[in-house]
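Sequence and predicted structure are below.
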Amino acid sequence: MKLFSVYDRKAKEFGPLFEAKNEEVAIRQFKNMLASERMLSPEDYSLHSFGEFDRENGHILLEVEGNFLVFAGVNFVESKNAEVLR
């Protein structure tokens, strides 16, 4: 399972780690979070990958550079605006 976290640029901190089978599943979860009515500033958030968790041996394999950006909330806002214009 891959490990992800959401970064809040206003709070300047990452949220708790969560697991997803792959990036596509994590992006779907992130987009669902951004689409929720309580999320008023989706452009303030970004999804980052931190590595993988091997459930068989309990090892955590971290990304070489620490973490990397998977999806930015601003991209979600731009895609929603494009849908409205269609």
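Sure, I can see it. These numbers come from a predicted model, not from an experiment.

okay, CA-based contacts and neighbour counts for the rest of this
Will do.

number of nearby residues for residue 71?
19 (other C-alpha atoms under 10 Å).

For this protein, which segments count as strands?
Counting by DSSP state E, the chain has strands at residues 2-8, 13-14, 18-20, 45-53, 60-62, 68-72.

mean pLDDT lowest for which of those?
Among the strands of the chain, strand 68-72 has the lowest mean pLDDT, at a mean of 87.

returning to what we had before: rebuild the strands of the chain as a markdown table, extending it with distance to residue 36.
As requested, the strands of the chain are exported to a markdown table (distance: least, C-alpha to C-alpha, whole Å):
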| stretch | distance to residue 36 |
| --- | --- |
| strand 2-8 | 15 |
| strand 13-14 | 19 |
| strand 18-20 | 18 |
| strand 45-53 | 13 |
| strand 60-62 | 30 |
| strand 68-72 | 16 |
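
Just give me the residue right at the centre of this protein.
residue 47 (2.3 Å; C-alpha atoms, centre = their mean).
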